[in-house]
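>>> Can you look at this prediction? I've put the sequence above it.
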Amino acid sequence: MEGYASAIEVLGAAGEGLRDRRILVTGATGFIGGHVVELLHHLGADVHAVARQPGSTVSFDTPVTWHRADLTDAAATAEAVKAVRPEMIVHLAGLVKGARDPDLLLPMFAANTASAVHLLDAARRFDVARVLLAGSLEEPDEPAQLAASPYALSKAAAHLYGDYYRATTAVEVVNLQIFMVYGPAQLDEAKLIPYVIRSLQAGEAPSLSTGTRLVDWVYVGDVAEGIARACVGAAAEHPVPLGTGSLATVRDVVETMIDLAEVEVEPRFGCVADRSREVEKVADIDTTRQLLGWVPAVDLREGLAATLSWYGGA
């Protein structure tokens, strides 16, 4: 299996612990979800996926048993979980937008908070052993801290519910703190790296912010491995960080891509306004190593090269 042979070897006994386990993945048609489903399948798991419009994962032709449900509907969510009877749920579905617009508050609540609560309650009712909730680096570190965006707020609220379900029910809830994921098959060209690659391929100068924001960039293959480990690793009461423990600016990433692509393009930094209340945070990978035995394997330049290659270069 291209891209995951080394991950399977590294997972070792942890990977063997997933063989024949029935796992329900939400968001399997998305960027991270597609990679997670691919890895879980090749580890021998019995992978099921739920979506409003069941289909294929973004970039893989992975055997998956699909189920149709709108997770914002509590009854439909319960029916899907009842039908699958999974041992664990990996919840990656959601609405992802970084805008600060208050008009996003209700859509984010429905897609990210309510859907998580619906899954958690279905897990409680139908004896699901573990639920993984995907979170964001933008979430506040303390409940009283102002969230940077409606997205961050919706994720933080979902994780507070996760904490409550973990404390009061038999469901092991694992809150994942996922940092800035990039890599092959990220098709959303509103995201920085796909946008820059497409601009370079067209011979155009990408229009960007100042590029000064510091970000913990983590390769999607490493994230998929971390999620697989979290399925069978020790239960944690605190968020499990999936990042690299290192920071690089947006400018660093863009200039590295230009260097790798070997093109003569001058990016237009500063012609797009920086977003307000941007979060700069680095992953505590010592915690993740202790909990899961996981460390990121792909450095930034290597990961950007693999991403550029997947898109066909520049």
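Happy to help now that I have it.

>>> buried sites along the top helix by length along the chain?
Secondary structure of the chain per DSSP state H: the longest helix is helix 150-168. Across helix 150-168, burial judged by 16 or more other Cβ atoms under 10 Å covers 150-159, 161-163, 165-166. (Glycine included, C-beta is placed from N, CA and C.)

>>> Find the pair from these with maximum spatial separation.
Comparing every pair within the buried residues of helix 150-168 by Cβ to Cβ identifies P150 and R166 as the most remote, at 24.7 Å.

>>> which stretches of the stretch 201-314 of the chain form strands?
214-215, 217-219, 240-242, 248-249 (DSSP state E, counting those that start in this stretch).

>>> Buried deepest among those, which one?
Looking across the strands of the stretch 201-314 of the chain with neighbours counted as mean count of other Cβ atoms under 10 Å, the highest average goes to strand 240-242: a mean of 27.

>>> buried ones in stretch 134-142?
A134, G135, S136, L137, E138, E139.

>>> Identify the residues contacting the second one.
With contact set as Cβ atoms under 8 Å, 6 or more residues apart in numbering, G135 has these partners: K155, A156, A158, H159, N175, L176, Q177, I178, P239.

>>> Could you find the lowest-pLDDT member of the residues you listed?
Minimum pLDDT across the contacts of G135 is recorded for P239, with 91.

>>> Just name the closest of the buried residues of stretch 134-142 to R277, please.
E138 (8.9 Å).

>>> That closest one reaches P150, doesn't it?
No - the criterion here is Cβ atoms under 8 Å, and E138 misses it with P150 at 10.4 Å.

>>> Look at A297 and say how many residues are nearby.
15 (other Cβ atoms under 10 Å).

>>> Helices along the stretch 1-150 of the chain, start to end?
Here the stretch 1-150 of the chain has its helices, by DSSP state H, counting those that start in this stretch, at 5-11, 13-16, 31-42, 74-84, 105-108, 115-125, 150-168.

>>> Just the C-alpha atoms of stretch 178-192, please, in CSV.
The C-alpha trace of stretch 178-192 is given here as CSV (Å, rounded to 0.1, in the frame of the first residue of the first chain):
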residue,chain,number,x,y,z
ILE,A,178,-5.0,18.0,15.7
PHE,A,179,-2.6,20.7,14.4
MET,A,180,-2.3,22.1,10.9
VAL,A,181,-2.6,19.0,8.6
TYR,A,182,-1.3,19.0,5.1
GLY,A,183,-0.4,16.4,2.5
PRO,A,184,-1.5,14.5,-0.6
ALA,A,185,-5.2,14.5,-1.5
GLN,A,186,-6.0,17.8,0.2
LEU,A,187,-8.4,19.0,-2.5
ASP,A,188,-9.8,22.1,-0.8
GLU,A,189,-8.0,24.9,-2.8
ALA,A,190,-9.2,27.5,-0.2
LYS,A,191,-6.4,25.9,2.0
LEU,A,192,-3.0,27.4,1.8
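
>>> In that stretch, which of the residues would be classed as buried?
For stretch 178-192, a neighbour-count test (16+ other Cβ under 10 Å) marks I178, F179, M180, V181, Y182, G183, P184, A185, Q186, K191, L192 as buried.

>>> Same check on stretch 258-267?
By neighbour count with 16+ other Cβ under 10 Å, stretch 258-267 contains the buried residues I258, L260, A261, V265, P267.

>>> What separation is there between V181 and L133?
16 Å (Cβ to Cβ, to the nearest Å).

>>> can you check G303 too?
25 Å.

>>> Could you do I197 as well?
30 Å.

>>> again with R166
10 Å.

>>> Ok, L119 next?
8 Å.

>>> overlap in contacts of those two?
Residues touching both L119 and L133 (Cβ under 8 Å, 6+ apart) are H91.

>>> Tell me which of these two has more neighbours.
L119 (30 against 25).

>>> these two touch, right, the more buried one and A69?
No - applying Cβ under 8 Å as the test, L119 and A69 come out as separate, 10.1 Å apart.
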